[in-house]
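Asks: dropping a prediction and its sequence here:
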Amino acid sequence: MGPLWDHGTERGPVESGPARDPDEQERFERLTLPHLQALYRLAVRLKGTPQDAEDLVQETYVKALRAFPTLRQPDRVKSWLFQILSRLVLDHHRSEPREIAMGDLEELDRFSLYDLVWEEDPFPYSDHLHDDFLAQFEDEEIRGALLGLPEAYRLPVVLLYVEDMSYRELAEVLRCPIGTVMSRLHRGRKLLERKLWECAKRRGLIRTWKP
Amino acid sequence: MNRMTCADAMKQFFAYLDRVLSGEPLEALEAHLEECLACCDKLAFNRQLDAFVKTRLEGAPLPSGLEGRIRQALSRAEKQS
């Protein structure tokens, strides 16, 4: 699989000035606007509010227009757009810690929401303890838990859940090796389990749990 | 082949669910699952959790007029050049 653009750097496509030919802008819109729904769906799950999602999508389109002359594979324009949006999300949060400390990683690898629910037994008379536990969550709580993940983990997890991307597609969009995709998806989902447990404690779903 | 511990098995769950595990790691995990009911239950829970979260992320209707606003932003960007 070759590069999606002509002379990009590791930071993504190079902006080579806007497409000056009006026909070029029309061609850009014809190629990219069919993916607006997919980009918005992704943005809203990454940012949380419709306004922030719209801003992100708009920024993605403007950046893509400027980089359009360098796009080499128009048939893979969707991946290219996702790549630009992902880079914008990661760049916006460069000052925040993106990685998890090693000690926390070991603890995270051992974290099991299944075990905690089993041990705390929040529904002592339930025949379907884990089903009943999950059924307590509102949509907004699940989305909120996901928004609490650092971007480097939230991005691959959301792309997997919302876009059903393969590891290979994720590696292309996130511009990282497949091994990194694999570990981010593992840890991202572990972090999500931990966030759901914290949410359950806050909500008082865990009656036996004492702070 | 060394026998896999439950902790090692858990580290492979997501790769297994995403169908990217193959060769020896896949065989080792499947051998472990055949003998460990607890890990089978945990794996089933992770599969269920994936499906559950996925369902809860569905439905993000496009705000009305968004396509028009994007076109306007593109024209503005073009003029600013």
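Replies: Great, that's in hand. Residues are numbered from 1 along each chain as shown, chains lettered A, B, ... in the order given.
Asks: burial count for A:Glu54?
Replies: As a burial measure, A:Glu54 scores 19 neighbours (other C-beta atoms under 10 Å in any protein chain shown). The C-beta positions use only the backbone N, C-alpha and C, and glycine is treated the same way.
Asks: surely it is in a strand?
Replies: No - A:Glu54 is assigned helix when assessed by DSSP: H, G, I helix; E, B strand; the rest coil, not a strand.
Asks: how about the helices in chain A?
Replies: When assigned using DSSP state H, the helices of chain A occupy the ranges A:22-32, A:36-47, A:50-67, A:77-92, A:102-110, A:113-120, A:129-135, A:139-147, A:151-163, A:167-174, A:178-202.
Asks: quick one: the second one near chain B?
Replies: Yes - against chain B, helix A:36-47 shows contacts by C-beta under 8 Å from any C-beta of the partner chain at A:36-37, A:40-41, A:44-45.
Asks: nearest to A:Arg143 among those residues?
Replies: Using C-beta to C-beta, A:Arg45 is the member of the residues of helix A:36-47 next to chain B that lies nearest A:Arg143, at 6.9 Å.
Asks: contacting residues around that closest one?
Replies: The neighbours of A:Arg45, taking C-beta atoms under 8 Å, 6 or more residues apart in numbering or on different chains as the test, are A:143, A:146, A:158, A:161-162, B:57, B:60.
Asks: please pick the buried ones from those residues.
Replies: A:143, A:146, A:158, A:161-162, B:57, B:60 (16 or more other C-beta atoms under 10 Å in any protein chain shown).
Asks: point out the least confident one among the residues you listed.
Replies: Lowest in pLDDT among the buried ones among the contacts of A:Arg45 is B:Ala60, which has 88.
Asks: weakest of the helices of chain A in terms of mean pLDDT?
Replies: helix A:102-110 (a mean of 80).
Asks: would you format the buried ones among the contacts of A:Arg45 as JSON lines with distance to A:Leu90 included?
Replies: Compiled in JSON lines, the buried ones among the contacts of A:Arg45 are given as follows (distance: C-beta to C-beta, whole Å):
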{"residue": "A:Arg143", "distance to A:Leu90": "20"}
{"residue": "A:Leu146", "distance to A:Leu90": "16"}
{"residue": "A:Val158", "distance to A:Leu90": "13"}
{"residue": "A:Tyr161", "distance to A:Leu90": "18"}
{"residue": "A:Val162", "distance to A:Leu90": "17"}
{"residue": "B:Leu57", "distance to A:Leu90": "20"}
{"residue": "B:Ala60", "distance to A:Leu90": "21"}
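Asks: look at residue 49 and report its pLDDT.
Replies: Defaulting to chain A. Turning to A:Thr49, the model gives it a pLDDT of 94.
Asks: that's the wrong chain, I wanted chain B
Replies: For B:Leu49, pLDDT reads 96.
Asks: state the distance from it to B:Gly59.
Replies: Separation of B:Leu49 from B:Gly59 (C-beta to C-beta, to the nearest Å): 19 Å.
Asks: one more: B:Ala51?
Replies: Distance from B:Ala51 to B:Gly59, by C-beta to C-beta: 16 Å.
Asks: list the residues that contact A:Met165.
Replies: With C-beta under 8 Å, 6+ apart, A:Met165 has these contacts: A:159, A:173.
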